[in-house]
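Undergrad: Predicted model follows, preceded by the sequence.
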Amino acid sequence: MGLIWTGVLMGIGGTAAMDVWAMVLNKLAGQPKPNWANPGRWFAHLFRGRVFHDDIARSEPVSGELALGWAFHYLVGIIYGVVFVLLVGPGWLAEPTFLPVWIWGLLTIVGGWCLLHPGMGLGWFLSRTPRPWKGRAMGLVAHTVFALGMWAVALAV
């Protein structure tokens with residue numbers, strides 16, 4: 001299997017692992033499930049020339065924003081997976097170790113903290129949320145789960 005397809009599968013696997021983690025947190029700890037309609041709305045507004053919103057929930061709704069949000073979520077995961085395998089190359093894929101993919105998984109949270117979240121009105125590094133440090137910690141755990149999912153796929157292929 002080529003590097004690109006391996007990266008695609010790793011990105012899907014990592015993103016799916018994050019989604020399973022969100023379901024576990026919802027069932028066991030009552031954590032709300034992610035609302036992918038908001039990122040879908042934000043993504044759609046990018047094509048209308050608007051990156052930053054005071055509150056994405058008050059921005060104009062977009063038809064199909066929930067489906068668009070889910071697609072955007074997986075697209076980002078796939079991009080992260082492909083970029084990772086292109087960075088580490090076939091040598092790492094021959095003997096995948098967790099540390100490099102974990103570091104990558106943690107680094108990928110910067111996209112949310114510095115683009116998606118401020119774009120949706122949540123502030124840089126979630127600074128405009130009621131409990132920014134909780135959101136940051138939960139994000140780091142979720143991106144660790146993302147890395148575990150990517151690693152599991154790498155081990156499987």
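TA: Yep, it's here. Residues are numbered from 1 along each chain as shown.

Undergrad: so what's residue 22 up against?
TA: For residue 22, the contact set (C-beta atoms under 8 Å, 6 or more residues apart in numbering) comprises 31, 33-34, 142. All C-beta atoms are positioned from the backbone trio N, CA, C, and that covers glycine.

Undergrad: Distance from the chain centre to whichever strand or helix holds it, please.
TA: In this structure, residue 22 sits in helix 3-29 according to DSSP states H and E. Distance of helix 3-29 from the chain centroid (C-alpha atoms, centre = their mean, to the nearest Å) equals 9 Å.

Undergrad: Stretch 45-52 now?
TA: 19 Å.

Undergrad: Any buried residues in the helix or strand following the helix holding residue 22, and which?
TA: Counting by DSSP H and E, the next helix or strand C-terminal to helix 3-29 is helix 37-46. Within helix 37-46, the residues scored as buried using 16 or more other C-beta atoms under 10 Å are 37-45.

Undergrad: Just the mean pLDDT for helix 37-46, thanks.
TA: The average pLDDT within helix 37-46 is 97.
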